[in-house]
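> How does the following fold in three dimensions:
(chains A and B)
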Amino acid sequence: MILLGQYALIAALGVSVYGFGAAILGARRSQPGLVASARNAVYVTGALVTTATASLLWLLVNDRFEVRYVAQNSRIEQPLPYKISALWGGMAGSLLLWAVVLAGFMVVTAWINRDRHPELMPWVHAVCLITTAFFVALQLLAANPFETLPFTPVDGQGMNPLLQNPAMAIHPPTLYLGYVGFTIPFAFAIAALVTGKLDTSWLTAIRRWTIVAWFFLSIGITLGAQWAYVELGWGGYWGWDPVENASFMPWLIATAYLHSVIIEEKKGMLRVWNMLMIIGTFALCIFGTFLTRSGIVSSVHAFTTSTMGPLFAGFLAITLATSLGLVAWRLPELRSKNRLESVLSRESSFLFNNLVLVVACFAVLWGTMFPVFSEAINGVKITVGPPFFNRVNIPIFLALLALTGIGPLIAWRRASWPSLRRAFIWPGVTFVLAFAACVVLGLGGPYTWMSLSLSAFVVATVVQEFWRGARGRAASSGESLGLALVNLTRRNKRRYGGYVIHVGIVLMAIGITGSGVFQREAEATLRPGETVDIGGYRMQFEKLDIFAARGVDVVSASLVAFDGDRARFRMVPQRHFHPRQDNPTTEVAIWSGLQHDLYVVLAGWNNDGSNVATFKMYINPLVKWIWIGGFVLLLGTVICLIPDRVLADSGIANY
Amino acid sequence: MQSNRFLVAAGIVAAVVGLAGGWWAAQPHSHMGQFDRLGAEIGCQCGTCPLRPIATCGCGFADGMLTELAALTDESHSDAEIMATFVSRYNPSVRIKPASTGLGLLAWIAPMLLLTVGAVCVGAVLAHWAATHPDESSTSPSAEAAEVAPGAGAPDAARAIVERELADLAD
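Residues are numbered from 1 along each chain as shown, chains lettered A, B, ... in the order given. Sure thing, here's the model as predicted:
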């Protein structure tokens, strides 16, 4: 199985390089035979990379510790789900996951488009194949998952205990589905640039791919935040860590693209900009992968420092140079023939939305890379942490929240003052009332007031849009209001699905504001029977237990939360000592409600038999709304993605 | 056309001033004490959570650093003195908020600079586009009424508007 995996990787490299060459030659010489051969190379590469992945999975599940990767990331007593997730728990395996996800996407793309876009597809194949070849080559040259040890250990070291968490088991694959998914829109963009077929056909081809990739990136980021919340034990979910930032940056640029592409589809404008957004998103995906593996920045999430940094940097440089060169070459053809009709239009608001998203991305990139820049400039590494990111980004995101509400209220092409007055009156009143309520109730400071009142403004905008649309439809069709609402959404899923996504963003903003501003904290050292008060709860320490379970030594404390004299629930924070790991992991106890989470960490204990334990406790208001907002965001994306058979059959929509 | 330019300029000024004001206002909360303020600006040095402020880190090493911070704040040292003490005891990376002088200042102003340049560019593009399509309705409510007013050619104009609106309904 080791040899099978190894040879499958070598063959995948050979076939993908061949396919790359065949696709380009076939396209340039107009030889359908070569193009067909390149398409077959896509299928064969997919099969070979899948074979390699299956081989590594088999080795992990069967405890074949003679393989270095298995010995480093698994052990006999590791539960089966985590033996499987060990596939992406280490550097080499995560690269294999990148390659297999990309292989899967390019096979699906090749199959779906086997009879479509004949001019574009050879170039799409070429881009996908050379990207796959790069990731396979990385494994063969710098991080081989099938490398064997000179001896066979009795047991492995096991996967990092912090990664043995359900959210972390699915977070990397979803994140990679997002990262890798953006390869397909990038490949189509390059194909359009090379061939000069710059009409909207390539945009139509990638519309669904872009939303799917954005969907998975959103899930991946949310799951990562949830993992940090339940596993790292510091009471928060987002620490502006470089690796967190690495996933957030392409999300911001992809979000900008998802808005600006609408203008290109409707008016044929912003064509250069959209090209740059697609290229930027893909480059940031590669950059994020590079950041995690190069060791150039310190991160709790990064893999160990490796030698692949220069390889990644080279690939990134070639990618950027080639794609930007192509954009420059096609600049005359990319120039928009249409012009904006009015400053007061939704197009304008989208332009500012794009500007703010790009500035947000730049601020995150700048802060992430500033330690590297400062060290290069004057030899002193200036560290940039959460205080910088919070201070710079909070105003930017408030501006974004405002634009989220303003955009849908402005008509396309041109808006008149009367129509603006009509559109803004109720959301505006809602904003003013919410702001006044925040001030009167003394909820935090100006940022909190703005965040909560802008959230109310956006919700009012969305409700008004649904209400007006449904009422109009009900009046014209005779449908009930409920049915009109459903049919309205079905008739225009991208628009109304987008509004649902806006609501999801608002719920997340409310959760972030609540937990960021109103968090309360207490620390207490207790003997059994003693109590401490936090946020209306009286926490009584019951007992401390020390035991072993599945090869892990567990220190477990039990507390009962009283609300008045009534015992409400029991909380059991723990510390786990994993074999062959230096530091124990924190297993937080969380009681979660819609108003707040009670979050308890076992911070320390006495080993002298006195059963004295120290706890850190947090009241995290509204955190659950972040996760609920994440679900609503996903629901909105699913609405956008539902195929429209009726429209598709009639040829109106063609994904 | 004049009003378009005015709108663009006013919008840019409002956005830039608003965000600049926001950044300025985002100082550490004035009601925070020195201990809390510096606890949010000093990074944990345990090696596994290098960028996390000691106030929120929660690891044992951060607790030790918080104890040191408490001792220094009790001795009535200034923020700068306390930070200098931490830098000398650990290393410069203990300061996780760039200074507002020297190279650190560049970290703070670069996003603002990009926003300003970007806003001016977007504004210039909008003004240029709007200048090539003189906009009447945006300044005069009566212009919109005139577009659909009854009279010669009005049905065609109204139909054109309806057709454009129906096309827009697709999104």
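
> Could I get the average pLDDT for the lengthiest helix in chain B?
For chain B, the helix with the greatest residue count under DSSP state H is helix B:102-132. On average, the pLDDT along helix B:102-132 is 85.

> mind listing what's buried in that helix?
The neighbour-count check on helix B:102-132 (16 or more other CB atoms under 10 Å in any protein chain shown) flags B:104, B:106-108, B:110-112, B:114-116, B:118-119, B:122-123, B:125-127, B:129-130 as buried. Any C-beta I mention is one placed from the backbone N, CA and C, and that applies to glycine too.

> same for chain A: which of those are within range?
For chain A, the contacts drawn from these by CB under 8 Å from any CB of the partner chain are B:104, B:107-108, B:110-111, B:114-115, B:118-119, B:122, B:125-127, B:129-130.

> any weak-confidence spans in chain A?
A:294-306, A:644-655 (pLDDT under 70).

> Centre-most residue in it?
Taking CA atoms, centre = their mean, the centroid of chain A lies closest to A:Leu217, which sits 3.0 Å from it.

> any idea what sits nearest it, other than its immediate chain neighbours?
Nearest in space to A:Leu217, with sequence neighbours left out and distances taken as CB to CB, 6 or more residues apart in numbering or on different chains, is A:Gly178 at 2.8 Å.

> Just the element for the one you found, please.
Assigned by DSSP states H and E, A:Gly178 belongs to helix A:166-181.

> gap between the very next helix or strand once past that helix and the chain center?
Counting by DSSP H and E, the element after helix A:166-181 in chain order, helix or strand, is helix A:183-195. In terms of CA atoms, centre = their mean, to the nearest Å, the centre of helix A:183-195 is found 22 Å from the chain centre.

> mind listing what's buried in the strand or helix carrying B:Leu69?
Assessed by DSSP H and E, B:Leu69 sits inside helix B:60-74. The neighbour-count check on helix B:60-74 (16+ other CB under 10 Å) flags B:62-63, B:65-66, B:68-69, B:72-73 as buried.

> Tell me what angle the next helix or strand after it forms with helix B:60-74.
Downstream of helix B:60-74, the next assigned helix or strand under DSSP H and E is helix B:79-89. Computed by axes from the mean of the first three to the mean of the last three CA atoms, to 10 degrees, the angle separating helix B:79-89 from helix B:60-74 equals 140 degrees.

> Mind giving me the packing neighbours of helix B:79-89?
Using 3 or more CB pairs under 8 Å, 6 or more residues apart in numbering or on different chains; DSSP states H and E, the elements in contact with helix B:79-89 are helix B:34-39, helix B:60-74.

> Of those helices, which is nearest chain A?
helix B:60-74 (7.1 Å; CB to the nearest CB).

> as a whole number, average confidence for the closest one?
85.

> Any residue of it touching chain A?
Yes: counting by CB under 8 Å from any CB, chain A is contacted by helix B:60-74 at B:60, B:63.

> Give me the residues contacting that helix.
The contact list for helix B:60-74 (CB atoms under 8 Å, 6 or more residues apart in numbering or on different chains) reads A:603-604, B:33-35, B:38-39, B:42, B:44-46, B:49, B:52, B:54-55, B:81-82, B:85-86, B:89.

> what's the answer for stretch A:264-279, then?
A:182, A:185-186, A:189, A:193, A:198, A:200, A:203, A:206, A:253-254, A:256-257, A:260-261, A:263, A:320, A:323-324, A:327, A:331, A:334-340, A:347, A:351, A:354, A:412, B:168, B:171.

> same check, this time on stretch A:21-33
In contact with stretch A:21-33 (CB under 8 Å, 6+ apart) are residues A:34-38, A:41, A:119, A:122-123, A:125-126, A:129, A:194-195.

> Tell me who's in contact with the residue nearest to A:Leu217.
A:213-220, A:247, A:250-251, A:285 are the contacts of A:Gly178 under CB under 8 Å, 6+ apart.

> ditto for A:Gly444
So A:Gly444 contacts A:438, A:513, A:517-518 (CB under 8 Å, 6+ apart).

> that's a strand at it, yeah?
No: applying DSSP: H, G, I helix; E, B strand; the rest coil, one finds A:Gly444 to be coil, outside a strand.
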